[in-house]
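Q: Generate a structure from the sequence data that follows.
(3 chains)
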Amino acid sequence: MRRTFSMGGVHPHDCKISADSAIETFPLPQRMYISMSQHLGAPAKPLVQKGDKVRTGQLIGASAGFISANIHSSVSGTVAAVEPYTDLAGNPVMHVIIDVEGDEWEESIDRTPDIVRDITLSPAEIIKRIADCGVVGLGGASFPTHVKLSPPPGKKAEFLIINGAECEPYLTSDYRLMIEHAEEVLLGARIMMKALGVVEGYIGIEDNKPEAIKKMRELTASSYPEIKVVSLRKKYPQGGEKQLIDAVTGRRVPSMGLPIDAGVVVQNVGTSFAVYEAVQKNKPLFEGVMTVTGECLDSQHNFLLRVGTPFEKILEAVGGVPQKTAKIISGGPMMGKAVANLSAASVKSTSSLLLLTEKQTKRMEESECIRCGKCVQACPMGLEPYLLNKLARAGRMEDLEHNKVYDCIECGCCMFTCPAYIPLLDYIRTAKADVMRIMRSRPKK
Amino acid sequence: MRKLIVSPAPHVHGDESTRMIMKDVLIALAPSMLVAVYFYGLSAIKLLLVGVIACMGVEFLIQKYLMRTKVTVTDLSAAVTGVLLALNLPPTAPWWVIVIGAVVAIGVAKMTFGGLGHNIFNPALVGRVFLLISFPVIMTDWTVPASWFRPGVDAVTGATPLALVKEGLAQGMTVDQIISANPDLTYGQMLFARAGGSAGEASALAIILGFIYLLVRRVIRPHIPVTIILTVAVMTGIFWLIDPSQYTDPLFNILTGGVLLGSVFMATDYVTSPMAVKGMVIYGIGIGVLTVLIRYFGSYPEGVSFAILIMNSIVPLLNKYIKPARFGKEVSHA
Amino acid sequence: MGTTFIFTVITLSVLGLLLAVVLFLVAKKFNVEEDPLIDVVEATMPGANCGGCGFAGCRAFAEACVKSRSLDGKFCPVGGNAVMQKVAAAMGVQAEEKAPMVAVVRCNGTCQNRVRVNEYDGSVSCRIISSLYAGDTGCRFGCLGGGDCERACPFGAIKVNPETLIPEVDEEKCTACGACVRACPKGVIELRNKGPKNRRVYVSCMSQDKGAVARKACSAACIGCRKCEKVCPFGAITVENNLAYIDFNKCKLCRKCVAECPTGAIHAVNFPPKPAAAPAEEPKTDKQ
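A: Numbers count the residues shown, from 1 in each chain, chains lettered A, B, ... in the order given. Okay, the predicted model is just below:
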């Protein structure tokens, strides 16, 4: 019996058409737009002013609070402006805009290609280095990694799980990392295990990536015996933290709980690679692998891309936006964000630009619910999306809370599977936000 | 470049649609329809055609001229109701009876409640039960009409096995005597094909083929049919063990009458069955128990239709109180 | 036959009597003592339960009035002064007069004025659109056209015009309950003084973008040029964050600002039409 998570899930078409494109280094554009809010939590405070000279890897935005992260310049050059610039949703966000001049790196960064295997830093130093280098979770939520590696008092991690599921269709950036930088990913895991003080690690990979599984198995067998490779039966949303923990360890994170409540910390493959680079190479997180894909494109790419590259430039480099393109998504087709503004720039966690045609993405007209229960069957959290949708449209907050809308992970399985094309998640998502706000505003007992 | 589309995630949709599901149900019903045509020839074709056309027509007329809403006949749900209604009628049923059944099924049981997705009771069954109560003679006339596939046989009566047993028992015969008096009551005949009964009941195998197709296509889950059949087996098994001379054995009970047709195609109707697995099991057990009770202690020889309709009525309650298993234990609200 | 009949009658009578006693006892036990004045006050209310007063419904409003024994800060926008007089009379206190209000949509970003820069394909709800992104036009402050106000209005007084995609208020039906104001995630709707003969002057724009940006996104945008501020003889207009606002308590409806506004962002409604000799660039007025 191949392992997977225990309830719900759907099987979207794989579409990993960029899987065989090796990682290419993306050329530097003339102007970079580096957002000060690339992570969950408070936006970073800009440390530079117009006219300042910056070097690649220089700290330009300081973490503003416990849940926040440092931001480093991804290029060297002159600061053209520090001002609000529209993000992909069309809303203004504080950006540092830099005119690129050459590519001079901070001298503290180790730019040699050698793999550094000895972990010399202590756990506290590791966590400090990760925080200094501005590493955030690259799986989607952009949660600051150093916070995740510092469990709250009274809670102890027992395992580290590296998330190599990459369950979203189309995305291949984690896959390329696992193939091309397998050892660095494992070293990153080893570093985080040291920081957490755990001795058992897992890396969960879906079985549609047999090469990655093979490569990882070889490496762990020879030199990383503390990390076990778990092959997972392909099912979406395997990469959801709660689902991955369930699939790999059989433990279930309690309702409203965090992975640490089940004694587990989950980190993405990309994050693990960034941790390795931060701790062993002293390289802040200012570049990452990004998939640029879509059936309508002539060529599929996985780019090593600096943070702050405008989407327009990326699309120009792949030959422009094809006429057929109807929607451009930053991220995967299940949970990614539709891009409304192509002049917006990439951030640390931008894992992909996906171009879809109208046929692939246009919503069909909604019809009556036939009460087939497929949404209930598909929900990986055991909720009743059909009911939540109705309650949400009627604004019945108490009933929504009673039916655990707050457990929704917004994976989109319900809407994906609904034969009546009901936009279930649209309403559930806003209702969840409302209910969570009401619950937070209540006096704590 | 065209204007970009922006919408909330997810940005792709699965391959399923209401129409596809209904088409799958029709495909699953195809073996039973073919068997009916083989046995009853022109009568079966007439039955099916009139059923489908009447149901779709009634839905069209009501949506277009009475409710003045969008006409959704093309989702094929009315066609499914039409086929199911036809397969639940005696092959000799006259066309006007089918039309009345369609009017009741679609007009009363479905559209009155607001159309697809809102009805409480299975439309085809409401139509059938209405006809059974209104026209008992027509509805229990099990004459087997001539078919050009079975040359030489002409208009024989083919009472249903359940009715034969019930009559026989009422005359003071034992089960063994009844079965030996009716040489065509073999398991093989009941499984593969036996003329008599409703148009869709002739072959258990055809229904099972449809069931497998529905499972493979993931249109339905096995819980409801399996629990119904198991419950019927257990209930009848208990009676049979107590007194085999008065009660038929479980296999006989499963293969005869509408248990298979009802449990696979009627009880699993999305709109009128529960959403959660636990609810499905309770619903299935309820149908099984009621079916056996009606068969043994009611005045009708068959009770599947009534059992499903009765359990339909408690589905909203099941949906309200029986919740699916949630992921993760509840902890105190932080 | 006879005994059955008698027996039935007796059983049912006894049963009825017993149940009546039970009902009586239960009613006694669970009886809630309430000030009868609440009922009196509630009877004077319009009964729309719209929540426009800030309470959960008409009964909650009546309870609050009776419990606090005063009408300070309480006003039923639906019933207006007439109902508040009745409430005051029932409670034996004085009610203060309030000027009648009406909901005003402060956006004129019609399909003509505002170019659509992308195509929204999700559920039609302003809440959902605004939590997703800035909207399908270049202006992130304006009306999203999703009709949340229309759905929130208990009186059917506000409707999205399918041609302009901007809601329009039926001032006959509008009771200024504020439901639409609360429903609008962009804060485009404001309750303003109804004004003498329903005449009002207001800035029909919410854009805080700089002039050039606002103008590019919408031809009817307020560009924050301050011409109106300078021309106003009563100091009723202030420009903040590139956006003009007319204080309706100070405005004397002279309409100098209307003539001055270069983009026609200032609307004057329900004024009699100007004589034909008026300047060619006549300010827009939206007759409702």
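Q: mind listing the strands for chain B?
A: Assigned by DSSP state E, chain B shows strands spanning B:4-6, B:143-144, B:156-157.
Q: Same check on the stretch 201-350 of chain A?
A: Remark: strands assigned in the stretch 201-350 of chain A by DSSP state E, counting those that start in this stretch are A:227-232, A:264-268, A:287-293, A:301-306, A:325-330, A:337-338.
Q: who does residue A:161 bridge with?
A: residue A:202, residue A:266 (DSSP bridges).
Q: residues near it, how many?
A: Residue A:161 is flanked by 26 other residues according to other C-beta atoms under 10 Å in any protein chain shown. Glycine gets a C-beta too; all of them are placed from N, C-alpha and C.
Q: Distance of it relative to residue A:345?
A: According to C-beta to C-beta, to the nearest Å, residue A:161 and residue A:345 sit 31 Å apart.
Q: Okay, now the unreliable bits of the chain?
A: Reading this off chain A. By pLDDT under 70, the low-scoring segments of chain A are A:1, A:445.
Q: wrong one, chain B
A: For chain B, the ranges with pLDDT under 70 are B:1, B:145-159, B:184, B:193-196, B:330-334.
Q: neighbours of the residue of the stretch 101-250 of chain B found nearest chain A, just the number please.
A: Scanning the stretch 101-250 of chain B for the residue nearest chain A gives residue B:117, at 4.1 Å (criterion: C-beta to the nearest C-beta). If you count neighbours by other C-beta under 10 Å, residue B:117 ends up with 19.
Q: mind listing what the nearest residue to residue A:315 once chain neighbours are set aside touches?
A: Distances taken as C-beta to C-beta, 6 or more residues apart in numbering or on different chains put residue A:321 closest to residue A:315, at 5.3 Å, once the chain neighbours are dropped. Applying C-beta atoms under 8 Å, 6 or more residues apart in numbering or on different chains to residue A:321 gives the contacts A:315, A:328, A:342, A:355, B:1.
Q: One more: residue A:32?
A: A:73, A:74, A:75, A:77, A:97, A:98, A:100, A:306, A:307, A:308, A:309, A:345.
Q: all helices of the chain, in order?
A: You didn't say which chain, so I picked chain A. A:123-132, A:145-148, A:173-180, A:182-196, A:210-223, A:241-249, A:269-281, A:311-317, A:358-361, A:374-378, A:385-394, A:397-402, A:413-417, A:424-441 (DSSP state H).
Q: Can you look at chain C instead?
A: Going by DSSP H, chain C shows helices at C:2-29, C:36-44, C:58-68, C:80-91, C:126-132, C:148-152, C:179-183, C:211-217, C:227-231, C:256-260.
Q: now the angle from the fourth one to helix C:36-44?
A: By that I understand helix C:80-91. Orientation check (axes from the mean of the first three to the mean of the last three C-alpha atoms, to 10 degrees): helix C:80-91 against helix C:36-44 gives 160 degrees.
Q: again with the first one
A: For the pair helix C:2-29 and helix C:36-44, the angle between their directions (the same axes, to 10 degrees) equals 100 degrees.
Q: same check, this time on the third one
A: Orientation of helix C:58-68 against helix C:36-44 (the same axes, to 10 degrees) gives an angle of 140 degrees.
Q: quick one: buried residues of helix C:58-68?
A: C:58, C:59, C:60, C:61, C:62, C:63, C:64, C:65, C:66 (16 or more other C-beta atoms under 10 Å in any protein chain shown).
Q: In JSON lines: the residues you listed, plus distance to residue A:114 and pLDDT.
A: What follows is the buried residues of helix C:58-68, written out as JSON lines (distance: C-beta to C-beta, whole Å; pLDDT from 0 to 100):
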{"residue": "C:58", "distance to residue A:114": "77", "pLDDT": "87"}
{"residue": "C:59", "distance to residue A:114": "77", "pLDDT": "88"}
{"residue": "C:60", "distance to residue A:114": "72", "pLDDT": "88"}
{"residue": "C:61", "distance to residue A:114": "75", "pLDDT": "87"}
{"residue": "C:62", "distance to residue A:114": "79", "pLDDT": "87"}
{"residue": "C:63", "distance to residue A:114": "76", "pLDDT": "87"}
{"residue": "C:64", "distance to residue A:114": "74", "pLDDT": "86"}
{"residue": "C:65", "distance to residue A:114": "79", "pLDDT": "85"}
{"residue": "C:66", "distance to residue A:114": "81", "pLDDT": "86"}
